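Asker: Okay, here's the prediction I keep looking at, along with the sequence it came from:
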Protein chains: 2
Amino acid sequence: MSVFAGQGDPTVSMTLLWATPEPGRARTAPGPKPALSVEAIVEAAIAVADAETVAGLSMRTVAERLGRSSMALYTYVPGKAELLDLMYDRVHAELSHDHDRGEGWRAAVTSWATELRAFYLRHPWVLQVSHARPVLGPHEQAVLETLLGLLVETRLPARTLRGVVNLLFNHVRGSSQTVAESQQAAVTTGTSDQDWWAARAAVLAEVAPDFAERFPRTVELGRDPAPSWDQQVEETFMTGLSVLLDGIEAATAHASPRDGKAD
Amino acid sequence: MSVFAGQGDPTVSMTLLWATPEPGRARTAPGPKPALSVEAIVEAAIAVADAETVAGLSMRTVAERLGRSSMALYTYVPGKAELLDLMYDRVHAELSHDHDRGEGWRAAVTSWATELRAFYLRHPWVLQVSHARPVLGPHEQAVLETLLGLLVETRLPARTLRGVVNLLFNHVRGSSQTVAESQQAAVTTGTSDQDWWAARAAVLAEVAPDFAERFPRTVELGRDPAPSWDQQVEETFMTGLSVLLDGIEAATAHASPRDGKAD
DNA sequence: TCCATCTCCTTACGCCATAAGCTATCGTTG
DNA sequence: CAACGATAGCTTATGGCGTAAGGAGATGGA
């Protein structure tokens, strides 16, 4: 299984991904007409993954949803790895590329990050797919291009920009992953996040009564909490993002000190 | 399988984790003496995971390494999820807690981040374990406490500090994950990272000849590359970290503008 | 000595991805 | 129109996985 797949045969995956719809071929094919299509399979697989988490995504569950046997899928898709590649890129088509740049790059990037986060929370399984060797599908590619578009006015050199882009993706992905995993754990275990933490705290008090002495700063970190758990998570994300943007601002100042911030 | 486990029974895991070595019990037990121990199993499991990647970690492979059958492990450990919890915490014991604070928090945090990154690259499977509902073992806890210790002199309020800590972990984890996944993919597929990218670029050129027109900024992002791939990755990490630290510095200024940076 | 207890084993179940080979369908060609 | 050959989707089988169930043998205390 290897949840962090994304390692289908590059050639196959990419051909399927960027597929111009098969110019020559088709039409003159003997044999029964295909009742399915790569498209339909990918769609069904996404539906399954959204609903059941990535662990519940199997060739069988996808095929069942389409009223076929699992082996039928192999006519259209070489294997599960390639299917994941296709799902991954396809789902990225949901993201928009027209963030308002009128109020400066800070606001625009914030909008981008917020949307991306919501996207990851809608499709948590996306975070389980490796992005080390990106599928390089058109839709995923567009997300990066869009972000770069929002950052042009910072005029950062490529080397700095690579660091910044990485940082942004890591923050959004990491923050989303925490939430996504929490939510999923809540479903799997049947315990709400709050209950879970309460239970864990109780056990901890029993098993490590000296916790507060050993980890005083950690305890202190819990001070001044947001009114609700959800708000706390949200706040942590936004605070981090804001700090990050401050960092970018500082970097623009380093890069072109004589321009200042004027454009 | 469910690679992103970390969801063993909280009580069980935590009891095992913080275990004072079983005060009452022991000694007076009939039956054969245990030939294994939780300790030995965890150690073996870590060795397997380090060597074989998390996908190669199964109860069978761990047991084999110890010359036992897989079911023998269940005498010591309730299941794989709990075993992962134990491995996760145990391996964090490798991290040090005496970063030099003499040259200010920037240097200290950089040292912390660098060490943590190296740690993740030594034990890539750690990144596959969910940190949404942390195991709350002593060694993992200590990592957070240590970081907080390095950040005290920033005097950031708890709310900001939560954002900053999150940001730092996300950056280190995210950056490490990319590298780790690359390395693993290199092993699994037998293609080096460089070859893989070359192959993918070739396919891309064939399948999407208009790439440069559609994604001009992405192309531009590749300008001015570091001399080697490894250096590029390293540089991206360090640049991001530096931007991030600039952001923290800015936050300290916001928080207590009249103090300035003096302490 | 006997027995309760404990370790470790074998066996089995229900998942998973997917290899192999069959059947039924259908466009094409004689 | 019949026969052919390509094709879609099926059944079956293989070798993995985590782990439930229950049996065999060892061992300390009664």
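Answerer: That came in fine, so what should we check first? Residues are numbered from 1 along each chain as shown, chains lettered A, B, ... in the order given.

Asker: contact partners of the strand or helix carrying A:Glu43?
Answerer: Secondary structure assignment for A:Glu43, by DSSP states H and E: helix A:38-52. If you take Cβ atoms under 8 Å, 6 or more residues apart in numbering or on different chains as the criterion, helix A:38-52 is touched by A:16, A:56-57, A:61-62, A:65-66, A:73, A:76-77, A:83, A:86-87, A:90-91, A:122-123, A:125. From N, CA and C alone the C-beta is placed, and that goes for glycine too.

Asker: ChimeraX command for the buried members of these?
Answerer: With 16 or more other Cβ atoms under 10 Å in any protein chain shown as the criterion, this ChimeraX line picks the buried residues out of the contacts of helix A:38-52:
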select /A:16,57,61,62,65,66,73,76,77,83,86,87,90,91,123,125
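
Asker: Output those of the contacts of helix A:38-52 also counted as contacts of chain B.
Answerer: Applying Cβ under 8 Å from any Cβ of the partner chain to the contacts of helix A:38-52, one finds that nothing falls near chain B.

Asker: picking that back up, pLDDT (mean, whole number) over the helix holding A:Glu43?
Answerer: Average pLDDT, helix A:38-52: 95.

Asker: What residues sit buried inside that helix?
Answerer: Buried-residue list, helix A:38-52, by 16+ other Cβ under 10 Å: A:38, A:41-46, A:48-50.

Asker: Next: stretch A:173-188.
Answerer: Buried, per 16+ other Cβ under 10 Å, within stretch A:173-188: A:173-186.

Asker: Spatially, which two of those are the most separated?
Answerer: A:Arg173 and A:Ala186 (20.1 Å; Cβ to Cβ).

Asker: The longest helix anywhere in chain A - contacts with which helices or strands?
Answerer: Longest helix of chain A, by residue count under DSSP state H: helix A:158-189. Contacts defined by 3 or more Cβ pairs under 8 Å, 6 or more residues apart in numbering or on different chains; DSSP states H and E place helix A:158-189 against helix A:104-122, helix A:138-151, helix A:193-207, helix A:229-255, helix B:158-189, helix B:216-221, helix B:229-255.

Asker: Make TSV out of the ones you listed and add mean pLDDT and distance to B:Val143.
Answerer: Listed next are the helices and strands packed on helix A:158-189 as TSV, based on pLDDT from 0 to 100; distance: least, Cβ to Cβ, whole Å:
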stretch	mean pLDDT	distance to B:Val143
helix A:104-122	97	25
helix A:138-151	96	30
helix A:193-207	81	17
helix A:229-255	94	18
helix B:158-189	90	9
helix B:216-221	96	33
helix B:229-255	94	17
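
Asker: Save these as a markdown table, and put in distance to DNA strand C too.
Answerer: Below are the helices and strands packed on helix A:158-189 laid out as a markdown table (distance: least, Cβ to the nearest atom of the strand, whole Å):
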| stretch | distance to DNA strand C |
| --- | --- |
| helix A:104-122 | 22 |
| helix A:138-151 | 22 |
| helix A:193-207 | 21 |
| helix A:229-255 | 31 |
| helix B:158-189 | 12 |
| helix B:216-221 | 30 |
| helix B:229-255 | 28 |
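
Asker: So which of those is nearest A:Thr11?
Answerer: Closest to A:Thr11 of these is helix B:158-189 (Cβ to Cβ; 12.7 Å).

Asker: Would you mind measuring from whatever residue of the stretch 101-250 of chain A ends up closest to DNA strand C to A:Ala250?
Answerer: Here the stretch 101-250 of chain A gets closest to DNA strand C at one residue, A:Trp125, 12.8 Å apart by Cβ to the nearest atom of the strand. For A:Trp125, the distance to A:Ala250 (Cβ to Cβ, to the nearest Å) stands at 36 Å.

Asker: ditto for A:Gln183
Answerer: A:Gln183 is 34 Å from A:Ala250, by Cβ to Cβ.

Asker: next one: A:Arg214
Answerer: From A:Arg214 to A:Ala250 the distance is 36 Å (Cβ to Cβ).

Asker: Tell me which residue of chain A is positioned farthest from its centroid.
Answerer: A:Pro30 (41.5 Å; Cα atoms, centre = their mean).

Asker: For it, grab phi and psi.
Answerer: phi -80, psi 180 (degrees, to the nearest 10).

Asker: Could I get the pLDDT score of it?
Answerer: Here, the pLDDT recorded for A:Pro30 equals 78.

Asker: again, but for A:Met1
Answerer: Reported pLDDT for A:Met1: 31.

Asker: next one: the one 3 residues further on
Answerer: What the model reports as pLDDT for A:Phe4 is 39.

Asker: Present the buried residues of stretch A:173-188 as TSV; the columns should include distance to B:Leu161.
Answerer: As requested, these are exported to TSV (distance: Cβ to Cβ, whole Å):
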residue	distance to B:Leu161
A:Arg173	21
A:Gly174	17
A:Ser175	15
A:Ser176	21
A:Gln177	21
A:Thr178	16
A:Val179	19
A:Ala180	23
A:Glu181	22
A:Ser182	21
A:Gln183	25
A:Gln184	27
A:Ala185	25
A:Ala186	26
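
Asker: ok, of those residues, which one's closest to DNA strand D?
Answerer: Checking these one by one against DNA strand D (Cβ to the nearest atom of the strand), the nearest turns out to be A:Ala185, at 15.3 Å.

Asker: What separation is there between that closest one and A:Thr191?
Answerer: A:Ala185 is 8 Å from A:Thr191, by Cβ to Cβ.

Asker: just to revisit the earlier point, check the contacts of helix A:38-52 against DNA strand D, which are close?
Answerer: Among those, the residues that sit close to DNA strand D (Cβ under 7 Å from any atom of the strand) are A:Tyr76.

Asker: who's in contact with A:Leu121?
Answerer: Contact analysis of A:Leu121 by Cβ under 8 Å, 6+ apart lists A:176, A:179-180, A:183.

Asker: A:Phe119 touches A:Ser96, doesn't it?
Answerer: No: assessed by Cβ atoms under 8 Å, A:Phe119 is found out of contact with A:Ser96, at 9.7 Å.

Asker: Those two: who's more crowded?
Answerer: A:Phe119 (18 against 12; other Cβ atoms under 10 Å in any protein chain shown).

Asker: Please give me every residue in contact with that one.
Answerer: With the criterion set at Cβ under 8 Å, 6+ apart, A:Phe119 makes contact with A:94-95, A:126.

Asker: Please parse chain A into its domains.
Answerer: A:10-92, A:102-255 (automatic domain parsing).

Asker: which of those sits most buried?
Answerer: Stretch with highest mean neighbour count among the domains of chain A: domain A:102-255 (a mean of 18; mean count of other Cβ atoms under 10 Å in any protein chain shown).

Asker: how far does it sit from the chain's center?
Answerer: 11 Å (Cα atoms, centre = their mean, to the nearest Å).

Asker: How about stretch A:93-110?
Answerer: 17 Å.

Asker: can you check stretch A:37-44 too?
Answerer: Its chain's average C-alpha position is 21 Å from that of stretch A:37-44, according to Cα atoms, centre = their mean.

Asker: Stretch A:74-83 too?
Answerer: Going by Cα atoms, centre = their mean, where stretch A:74-83 is centred and where its chain is centred differ by 22 Å.

Asker: What mean pLDDT does that stretch get?
Answerer: On average, stretch A:74-83 scores 94.

Asker: Show the end-to-end separation of that stretch, please.
Answerer: 10 Å (Cα to Cα, to the nearest Å).

Asker: Also stretch A:126-138?
Answerer: End-to-end for stretch A:126-138, by Cα to Cα: 16 Å.

Asker: ditto for stretch A:199-219
Answerer: With Cα to Cα, one end of stretch A:199-219 sits 17 Å from the other.

Asker: is any part of it close to chain B?
Answerer: Yes: using Cβ under 8 Å from any Cβ, stretch A:199-219 reaches chain B at A:199-200, A:203-204, A:207-208, A:214-218.

Asker: Dump those into a markdown table; add distance to A:Val143 as well.
Answerer: Putting those into a markdown table (distance: Cβ to Cβ, whole Å) gives the following:
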| residue | distance to A:Val143 |
| --- | --- |
| A:Ala199 | 38 |
| A:Arg200 | 36 |
| A:Val203 | 41 |
| A:Leu204 | 40 |
| A:Val207 | 44 |
| A:Ala208 | 43 |
| A:Arg214 | 43 |
| A:Phe215 | 39 |
| A:Pro216 | 42 |
| A:Arg217 | 37 |
| A:Thr218 | 35 |
